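J.: sharing a model prediction with you, sequence too.
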Amino acid sequence: MAQQDSIDTGFPTWLDLELWAAYLKQRSRHKASNAAPTLDRILRKLDAWRIAGYDPNDIVGESLEKGWTGVFQPKALPGKPAQVLTFRERDLQRERERIGKLTGGLMGDAPSADVIDMEGVRVIR
């Protein structure tokens, strides 16, 4: 947790106290640990995600809404849609990564390193 982002109690100012209290109550109902090391780890995750551009209050709110005892990083940043790939696109992306590993990245972004989808007749760059 960033030191300048917490008050004297050590609780981060970027996290809504009432929301956090409701989350802790939910964790207790589900018999999840609210021990200091566990909560410290959750707060460190939230802080890291906050620095990456996510709103920790939204993350805790989603956990409350869905009845979760844990917190999970959202799939996409606010305002940026998640990259959704078809299974075929995912497979092509993995194949390009595999080729990159096999060649040690020597081929870089050269056209010869492109994966060509012969079924869909397109090039994945």
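T.: Right, received. Where do you want to start?

J.: return the distance of I99 relative to D58.
T.: Using CB to CB, to the nearest Å, we find I99 at a distance of 38 Å from D58. The C-beta positions use only the backbone N, C-alpha and C, and glycine is treated the same way.

J.: also L102?
T.: Distance of L102 to D58, given as CB to CB: 40 Å.

J.: what about the two, which has more around it?
T.: Set L102 next to D58 and count neighbours by other CB atoms under 10 Å: D58 wins out with 13 against 10.

J.: is that one in contact with F72, as I believe?
T.: No - judged on CB atoms under 8 Å, D58 makes no contact with F72 at a distance of 11.4 Å.

J.: now do the phi/psi pair for P12.
T.: Torsion angles at P12 (phi, psi; degrees, to the nearest 10) stand at phi -70, psi 140.

J.: which strand residues bridge it?
T.: S6 (DSSP bridges).

J.: give me the number of residues near it?
T.: 18.

J.: tell me the pLDDT of it.
T.: pLDDT recorded at P12 is 94.

J.: and what of A22?
T.: Model confidence at A22, given as pLDDT, is 97.

J.: residues contacting the closest residue to it other than its chain neighbours?
T.: Leaving aside its sequence neighbours, A22 sits nearest to L64 (CB to CB, 6 or more residues apart in numbering; 5.9 Å). Applying CB atoms under 8 Å, 6 or more residues apart in numbering, we find L64 in contact with 19, 22-23, 26.

J.: do Y23 as well
T.: Contacts of Y23 by CB under 8 Å, 6+ apart are 60, 63-64.

J.: that older thread, which pair of the contacts of L64 spans the longest distance?
T.: L19 and Q26 (10.7 Å; CB to CB).

J.: strands along this protein, start to end?
T.: For the chain, the strands defined by DSSP state E occupy 115-117, 122-124.

J.: spatially nearest residue to F11, not counting backbone neighbours?
T.: Of all residues not flanking F11 in the chain, L17 sits nearest, at 6.9 Å (CB to CB, 6+ apart).

J.: what about that neighbour, how many neighbours?
T.: When neighbours are defined as other CB under 10 Å, L17 has 11 of them.

J.: so what's the nearest residue to P56 once chain neighbours are set aside up against?
T.: Nearest residue to P56 in three dimensions, chain neighbours excluded: L46, at 4.1 Å (CB to CB, 6+ apart). Residues near L46 by CB under 8 Å, 6+ apart: 12, 15, 56, 59-60, 71.
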